[in-house]
Every structure is written in C-alpha cells, then in structure tokens.
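A.B. asks: Sequence and computational prediction follow.
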Amino acid sequence: MNFDLSHEKLFTYLLILCSIIISFGGVVRTHKTTYRACAVGRLNMAAAAAVVFRRNLFPLKLGQKACALHSSCALRDADPLPQASFFPPNDATMLPPGSFSDKVAFVTGGGTGLGRAMTQGLSQLGATCVIASRKLEVLQKTAEEITAQTGNKVFPVACDVRDPAAVAQCLDQMEKLTGLPDVVINNAAGNFVSPSEKLSPNGWKTIVDIVLNGTAFVTLELGKRLIRQDKGASFLAITTIYAESGSGFVVPSASAKAGVEALYKSLAAEWGRYGLRFNIIQPGPIRTKGAFSRLDPTGAFEKSMIGRIPVGRLGTPNEIKNLALYMSSHYATWMSGAVVRLDGGEYVSMAGEFNDLRKVSKQQWDLIEAMIRQTKGS
Ligand SMILES: CCCCCCCCC/C=C/C=C/C(=O)SCCNC(=O)CCNC(=O)[C@H](O)C(C)(C)COP(=O)(O)OP(=O)(O)OC[C@H]1O[C@@H](n2cnc3c(N)ncnc32)[C@H](O)[C@@H]1OP(=O)(O)O
Ligand SMILES: NC(=O)C1=CN([C@@H]2O[C@H](COP(=O)(O)OP(=O)(O)OC[C@H]3O[C@@H](n4cnc5c(N)ncnc54)[C@H](OP(=O)(O)O)[C@@H]3O)[C@@H](O)[C@H]2O)C=CC1
C-alpha cells in the first residue's frame, strides 16, 4: 500500500487525533473549571484542524499564512468576486404594503434562516403567520421578535413534520388560532454532507422523512382540509438546484427534494380545480447557520463555490423572501407548477461543458484562436 503522508497531512491527522483525545477528556472530567478549559481546548483544536484541512484543499498564498494559523480566522466568510459589485442584493421588501392583509400564512421551519426571512416578509406585508418546527423555544423567540417589529401576530406551533399525527394536531391548533391558511410555505428540511457509503438506513430515512414525507404530510393534510372548506390557497416548496441534477454527498437530500418537486408539479395539475396553486423555488447557496454548519462545517468549500457563481456572490435570505412573497401573492395567480431557480447563475455555470474556459487569459485566447485558424482547409 502506498501511504502518502506529507508533513502537512501528518500534522492534520495529529490535530484531529488530539481533538478526539481532548473531547474524551471533556466527557470524562466532571469538575466544572477543568471541563470549561477542556471545552475551550477542544474548540481551538477543532478550529486549528479546520484551518489545516482548508489549507490542504486550497493552499494559501504566503501573506495569508499568519491568519490561517490564528484560530479566530479559521471560519472567516469567503469574499465575493469583483463582479459582485454589479449585482448588489436589494434586501428591501418588493411588494406593496398590505399585499397580505387579511391573509393567513403557514411556514414550516419558520423560526430560522430562510423560513424566518419569508415569515418576516409576509408579516411585514400584513399576514397573520403560523410558524411550525420542532424547537418551540426558537419559534417563540422568532415569533415575538417579528410580531414586535411588524405589529402583526406570528403564532409558534411545535411540530415534527415527520409525524403525520403531529402534523394533524398542529393544523388543528392552527385552525383554532387563525383558520386555514391562504399561503403555505413548505420550507423545513434536514441535510448533511456525507459519503453515501457512510450512510446508515436511519441517516437516509431521517432526511427523506423530513424533506419528502414531511412536505407530503403537511401538503396532503392541509390540501384535504382546504378542499373540504372550498378555500383556495398558494403552496410553495423550497427545494434546491441539485433537485434537478442530483448531487453526490447529499444523496438523501437530492432524492427527497426531487420527490418534492414531483409532488408539487403533480398536485399543480390535479388540484388546480380546487383553487390550489403549487410552485417551487430552487435556491442556490445562501449563508444560513443551518445549511452551512451541515454542508460546509470547515469553511473549506465556500471560496470555490463562490468562484463558480457568475454573479460572484452568495444569495441573501431576503432575495428568496422577495421571490417567495411574489409567488405566494395575488400578483402570481396565473403561476402554478412553476419551478424558479434563484442561484446567481450557479446551475448553468456548473452544467456547461466549456464554462471553465473563463479561466483562459486574453493572451491564451489569441494563441488558441491562431491555432484554430491554422486548421483552415485541413
Ligand atoms: C460546498 C459548500 C456548501 C455550502 C452550502 C451550499 C448550499 C447549496 C445547496 C444547498 C441546499 C441546502 C439544503 C438544505 O437542506 S440546508 C438545511 C439544513 N438544515 C438542517 O439540516 C436543520 C435540521 N437538521 C437536523 O436536525 C439534523 O442535522 C438532522 C441529522 C438532519 C436530524 O436530526 P435528528 O432527527 O436529531 O437526527 P439524528 O438522530 O442526529 O441522526 C439521524 C441519523 O442520521 C445520522 N447522521 C446524522 N448526521 C450525520 C452525518 N453528518 N453523517 C452521517 N450520518 C449522520 C445519525 O447517525 C442517525 O443515524 P443512526 O446513527 O443510524 O441512527
Ligand atoms: N441555505 C441554503 O443555502 C439553501 C437552503 N435551501 C433550503 O431552504 C430551506 C431552509 O433552509 P435554511 O434556512 O438554510 O436552513 P435551516 O436549518 O435554518 O432551516 C431548516 C428548518 O427546518 C426545520 N426542521 C428541521 N427538521 C424538522 C422537522 N422534523 N419538523 C419540522 N421542522 C423541521 C428547522 O427547525 P427545527 O430545528 O426547530 O425543527 C429549521 O427551522 C430548506 O428547505 C433548505 O433545503 C435550499 C438551497 C440552499
């Protein structure tokens, strides 16, 4: 067997080994002060390991080395590309005030990240909102903050979307609080990067249960209730760009998100006759704690990811908010079965065979052109 252990790799493995040993120390010791010291040690070790891991994948220039060795720089956000200055995000709410007056909105995963941003926007434009997820404390805090900011009530309801009985109970609670919704946003999700050969059956099931079954339980239960009451509504699902292409290392999520898209397109065809619309947003990368802590925990991939986005930057939660509000509003009543990608061009940039030729310089193009012209008549 050929072991290629460069000094730097050896150092990385040693650091990871040290952090594991120190972690065990933290678990075994019970004295508070010692535990705290260990916890700090663990964090520093993890940060140092993250730095070295990142350096192995993307070697740094000389001037950056001092920063890389300092743990506070370890998980610094990657910079946007120069062209991003042409495309600044506009975080202002796009639709006119009152666009959701007298409307009720139900948002799963509305306590954090993109769900929170969409709830904030709906509430700002007049909606009464119900947000549902597992962590009641997180929901309560978000609900209080948004209600204080907009003056419109946001109700938190605890619900694990994997459990159909819990979903039914949550919707019972919602009916008592607000009545059935006019706007439904299926945003809750679970995900983590993992080589597929490391996935356990329960790892697979967990993601598929949250993303596909959870969306189906919420959508079918709400759909049946809305149909019974002869009430129209807009349903929106948040998927992702790799729902279409598939992606290695997030295979349960890719499979489940593709399922969600099939579910929504199918129901758009079947349930239009009941006054129900179904649409999908496929976001590209947007910095949220939930996503980045599970998809890029070391921070090693962010720079290369930004490098393949033609607009040169990540998206913002408010950009998704504005699109979601439009698609859920009375301005979009002719939109159903639509899949809208919002990703700064990342998807097409990854798909095109020749797109790496962006790296070719002007001089290199002159050379290439001359070589091609020389083939004339051959
Ligand atoms: C390249 C840079 C990327 C930067 C971002 C780019 C974005 C572009 C496109 C993005 C798409 C984004 C999609 C998203 O969905 S982001 C949303 C992320 N948010 C969340 O995931 C929030 C909710 N998540 C959770 O609660 C957990 O993470 C969870 C694991 C999904 C569920 O928690 P819980 O029910 O408590 O499950 P557990 O009991 O902890 O685990 C269940 C089984 O899963 C196994 N498992 C857990 N983590 C891992 C892992 N990292 N690797 C392998 N297996 C894992 C766990 O071991 C359990 O299985 P068992 O041991 O067999 O019982
Ligand atoms: N950020 C990004 O780059 C991208 C995100 N997306 C999609 O956007 C959506 C929001 O993600 P984002 O805001 O980034 O991440 P978050 O982790 O912040 O959001 C996920 C939400 O889902 C909730 N949730 C998870 N499991 C369950 C469950 N079993 N029952 C009920 N609620 C649950 C979580 O709340 P709780 O823990 O309280 O249950 C959380 O509020 C997701 O659908 C994600 O796939 C798509 C592409 C890119």
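C.D. replies: Cool, got the structure. Residues are numbered from 1 along each chain as shown. Ligands and ions are numbered 1, 2, ... in the order given.

A.B. asks: Straight-line length of stretch 222-241, end to end?
C.D. replies: 26 Å (CA to CA, to the nearest Å).

A.B. asks: Tell me the buried residues in it?
C.D. replies: 222-223, 225-226, 233-241 (16 or more other CB atoms under 10 Å). The C-beta positions use only the backbone N, C-alpha and C, and glycine is treated the same way.

A.B. asks: How about stretch 176-193?
C.D. replies: For stretch 176-193, by 16+ other CB under 10 Å, it's 178, 180-192.

A.B. asks: Ok, stretch 264-276 next?
C.D. replies: Buried, per 16+ other CB under 10 Å, within stretch 264-276: 264, 265, 267, 268, 271, 274, 276.

A.B. asks: now, which of those residues lie within strands?
C.D. replies: When these are checked against strands (DSSP state E), the matches are residue 276.

A.B. asks: and which of the buried residues of stretch 264-276 is nearest to ligand 1?
C.D. replies: residue 264 (16.1 Å; CB to the nearest ligand atom).

A.B. asks: The closest one contacts residue 277, doesn't it?
C.D. replies: No: counting by CB atoms under 8 Å, residue 264 does not reach residue 277; the two are 9.9 Å apart.

A.B. asks: what residues do these two have in common as contacts?
C.D. replies: Residues within reach of residue 264 and of residue 277 at once, by CB atoms under 8 Å, 6 or more residues apart in numbering, are residue 235.

A.B. asks: circling back to that earlier point, turn the buried residues of stretch 264-276 into CSV, including distance to ligand 1 and pLDDT.
C.D. replies: Shown next, in CSV, are those (distance: CB to the nearest ligand atom, whole Å; pLDDT from 0 to 100):
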residue, distance to ligand 1, pLDDT
264, 16, 99
265, 19, 98
267, 21, 99
268, 22, 99
271, 25, 98
274, 29, 98
276, 25, 99
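
A.B. asks: re earlier: please list which of the buried residues of stretch 176-193 are also close to ligand 1.
C.D. replies: The residues of the buried residues of stretch 176-193 that also fall near ligand 1, by CB under 6 Å from any ligand atom, are 189, 190, 191, 192.

A.B. asks: what subset of those residues is also close to ligand 2?
C.D. replies: Answer for those near ligand 2 (CB under 6 Å from any ligand atom): 189, 190.

A.B. asks: out of the ones next to ligand 1 among the buried residues of stretch 176-193, which one sits closest to residue 125?
C.D. replies: Nearest to residue 125, judged by CB to CB, of these is residue 189 at 24.3 Å.

A.B. asks: Three-state assignment for the closest one, please.
C.D. replies: coil (DSSP: H, G, I helix; E, B strand; the rest coil).

A.B. asks: Pull the contacting residues for it.
C.D. replies: Residue 189 touches 109, 210, 211, 238, 253, counting by CB under 8 Å, 6+ apart.

A.B. asks: Once you drop chain neighbours, what's closest to the first one?
C.D. replies: Pointing back at residue 109 there. Spatially, and ignoring its direct neighbours in sequence, residue 109 is nearest to residue 188 (3.5 Å; CB to CB, 6 or more residues apart in numbering).

A.B. asks: so how far is residue 304 from the one you found?
C.D. replies: 29 Å (CB to CB, to the nearest Å).

A.B. asks: do residue 139 as well
C.D. replies: Using CB to CB, one obtains 35 Å as the distance from residue 139 to residue 304.

A.B. asks: Put together a markdown table for the buried residues of stretch 264-276, with distance to ligand 2 on each row.
C.D. replies: Below are the buried residues of stretch 264-276 laid out as a markdown table (distance: CB to the nearest ligand atom, whole Å):
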| residue | distance to ligand 2 |
| --- | --- |
| 264 | 13 |
| 265 | 17 |
| 267 | 18 |
| 268 | 19 |
| 271 | 22 |
| 274 | 25 |
| 276 | 20 |
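
A.B. asks: Flag every residue of the stretch 151-300 of the chain that's near ligand 1.
C.D. replies: 189-192, 194, 198, 200, 202-203, 206-207, 240, 253, 284-285, 290-292, 294-296.

A.B. asks: Just say helix, strand or coil for residue 106.
C.D. replies: Applying three-state DSSP: residue 106 is strand.

A.B. asks: Report how many residues lie close to it.
C.D. replies: Residue 106 has 29 neighbours, counted by other CB atoms under 10 Å.

A.B. asks: Find me whatever residue is spatially closest to it, sequence neighbours aside.
C.D. replies: Per CB to CB, 6+ apart, closest to residue 106 is residue 181, 4.1 Å.

A.B. asks: from memory that neighbour sits against residue 110, does it?
C.D. replies: No: with contact defined as CB under 8 Å, residue 181 does not reach residue 110; the gap is 11.9 Å.

A.B. asks: Common neighbours of these two, please.
C.D. replies: residue 130.

A.B. asks: residue nearest the centroid of this protein?
C.D. replies: Centroid-nearest residue in the chain, with CA atoms, centre = their mean: residue 291, separated by 4.8 Å.

A.B. asks: The residue nearest to residue 106: what's it in contact with?
C.D. replies: Per CB under 8 Å, 6+ apart, neighbours of residue 181: 103, 104, 105, 106, 130, 174, 222, 233.
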